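Visitor: Sequence unavailable; structure follows:
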């Protein structure tokens, strides 16, 4: 969400940004916002003048009524002033009602005008124009065939999607035995990895109010992702970023409290509307999963430095588990409306012979802070908006797909990298039961 003053002063830049995001249907919104804003400012000015007149006229009525006791001719003048006071009051009520309506209209339009993207973002209409920047680790295609990930899990008696379907429907799963332990081991390792980077571990609420949802994500994403609790102003979170950024709603932070660096665990719940294709089978796209997230709230001038740190943390973690990855820069058309800059960390899939997304790192600029009214008290005593960033640490079970495929041996066993062994009871190799 942009600052209305920025739109007033830079309408052409806002329109150009919309074009870069290939959302030309939103171009008329800029002029509409400016038109409503001009009307609102006129209303505010007129209302202020009427309030000032009200005080003057009220004193005048009192004076004339006092004079009327000695001079009855003043009574008619007093009644005329009273009538003007009444007319002004009616007009003021009308203006105040219109001000409220205009503010609501402007707010709704502002919520769908996209944030200004960083100049470094590549321009393109959709994810087909995303740009590979760097690879880490050598992608390997083994000489033996790699089964689909659920087939690997089944060899360990580690998954039951049929039972989950009977209990909850499609998009759910039971993880069991070594696979369930691996799942939790990866989460625990990711938690300690981030604590080692100086982040504070947090377990947030798994449900949030609607105003927090509106503050942290675009309406389009909200409709496609969020599950609402019927009859209550509560939504199940799609990622702990939602409740972690929401933690600071309506707060004024001291500058010496920045940066806030937090790593949070949560289950995540998503509708996954529109999921399709062969890779949507298994546990690739599901309605419930668990994730470790990293969140930063920082000074605006430090946000790009933190952006670089966050995605590199992901690379370091995945490489410590012997998983080759690459950084993929998201193009303008692939950025959600609140995002200033974003990249995906993609893991190598030896079975598919291609990379697939396992982490998403994003700099939101001040968009979330503006929506949630998160402010920082600067050294000069003035308040300013901080920047917010988020990145996936790990999101099993999708991350397990990359782990199992890259650590699978020809005999069906799965090696456990040294970094993960303390979380697996010292086990070096997982042996299938079938």
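Guide: Ah, there it is. Here the structure is a predicted model, which means the values were calculated and not measured. Numbers count the residues shown, from 1 in each chain.
Visitor: contacts for the lowest-mean-pLDDT helix or strand in the chain?
Guide: Using mean pLDDT, DSSP states H and E, helix 219-225 stands out as the lowest-scoring helix or strand of the chain, at a mean of 75. Identification of contacts with helix 219-225 by C-beta atoms under 8 Å, 6 or more residues apart in numbering yields 111-112, 213-214, 217, 238, 270-274, 336-337. In this view, the C-beta of every residue, glycine as well, is placed from N, C-alpha and C.
Visitor: Please list the members of these that lie in helices.
Guide: 213-214 (DSSP state H).
Visitor: Can you say which of the contacts of helix 219-225 are buried?
Guide: Buried members of the contacts of helix 219-225, counted by 16 or more other C-beta atoms under 10 Å: 213-214, 217, 238, 270, 272, 336-337.
Visitor: Burial check on residue 255, number of neighbours?
Guide: 13 (other C-beta atoms under 10 Å).
Visitor: Just to check, it is in contact with residue 382?
Guide: No - in this structure, residue 255 is not within contact of residue 382 by C-beta atoms under 8 Å, at 10.5 Å.
Visitor: coming back round to it: considering the buried ones among the contacts of helix 219-225, which is situated nearest to residue 107?
Guide: residue 214 (9.9 Å; C-beta to C-beta).
Visitor: residues contacting that closest one?
Guide: Residue 214 makes contacts with 111, 222, 371, as judged by C-beta under 8 Å, 6+ apart.
Visitor: out of those residues, which one sits closest to residue 31?
Guide: Nearest to residue 31 out of the contacts of residue 214 is residue 111 (C-beta to C-beta; 16.8 Å).
Visitor: Give the full set of residues in contact with that closest one.
Guide: Contacts of residue 111 by C-beta under 8 Å, 6+ apart are 1, 214, 218-219, 371.
Visitor: Just the buried ones out of those residues, please.
Guide: For the contacts of residue 111, a burial check counting by 16+ other C-beta under 10 Å picks out 1, 214, 218, 371.
Visitor: remind me which residues of this protein are low pLDDT?
Guide: Within the chain, the ranges that satisfy pLDDT under 70 run 55, 58-82, 273-281.
Visitor: Need phi/psi at residue 344.
Guide: Torsion angles at residue 344 (phi, psi; degrees, to the nearest 10) stand at phi -110, psi 140.
Visitor: residues contacting it?
Guide: Taking C-beta under 8 Å, 6+ apart, one finds 130, 327-328, 330, 357, 359-361 in contact with residue 344.
Visitor: Just the closest of the residues you listed to residue 205, please.
Guide: residue 360 (21.8 Å).
Visitor: circling back: would CSV of the buried ones among the contacts of helix 219-225 with distance to residue 312 be doable?
Guide: Output for these, formatted as CSV (distance: C-beta to C-beta, whole Å):
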residue, distance to residue 312
213, 30
214, 31
217, 25
238, 25
270, 27
272, 29
336, 22
337, 26
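Visitor: coming back round to it: how about the least confident helix or strand of the chain: buried residues?
Guide: 222, 225.
Visitor: how close does residue 414 sit to residue 378?
Guide: 52 Å (C-beta to C-beta, to the nearest Å).
Visitor: scratch that, residue 164
Guide: Relative to residue 378, and taking C-beta to C-beta, residue 164 is found at 51 Å.
Visitor: Neighbour count for those two, which is higher?
Guide: Set side by side, residue 164 and residue 378 show more neighbours around residue 164, with 18 against 12, by other C-beta under 10 Å.
Visitor: wait, doesn't that one sit right on residue 173?
Guide: Yes - using C-beta under 8 Å, residue 164 makes contact with residue 173 at a distance of 4.9 Å.
Visitor: residue ranges for the helices of the stretch 51-200 of the chain, please.
Guide: Under the criterion DSSP state H, counting those that start in this stretch, the stretch 51-200 of the chain carries helices at the ranges 73-110, 149-155, 161-168, 177-196.
Visitor: okay, these, which one's buried deepest?
Guide: Mean neighbour count (mean count of other C-beta atoms under 10 Å) peaks for helix 149-155 among the helices of the stretch 51-200 of the chain, with a mean of 21.
Visitor: Could you list the residues in contact with that one?
Guide: Contacts for helix 149-155 (C-beta under 8 Å, 6+ apart): 146-147, 159, 161, 175, 179, 281-284, 351, 400-401, 404-405, 408, 412, 414, 432-434.
Visitor: which among these end up buried?
Guide: Applying 16+ other C-beta under 10 Å to the contacts of helix 149-155 flags 146-147, 159, 161, 175, 179, 282-284, 351, 400-401, 404-405, 408, 412, 414, 432 as buried.
Visitor: what are the ranges of the helices in the stretch 201-350 of the chain?
Guide: For the stretch 201-350 of the chain, the helices defined by DSSP H, counting those that start in this stretch cover 210-216, 219-225, 240-246, 303-320.
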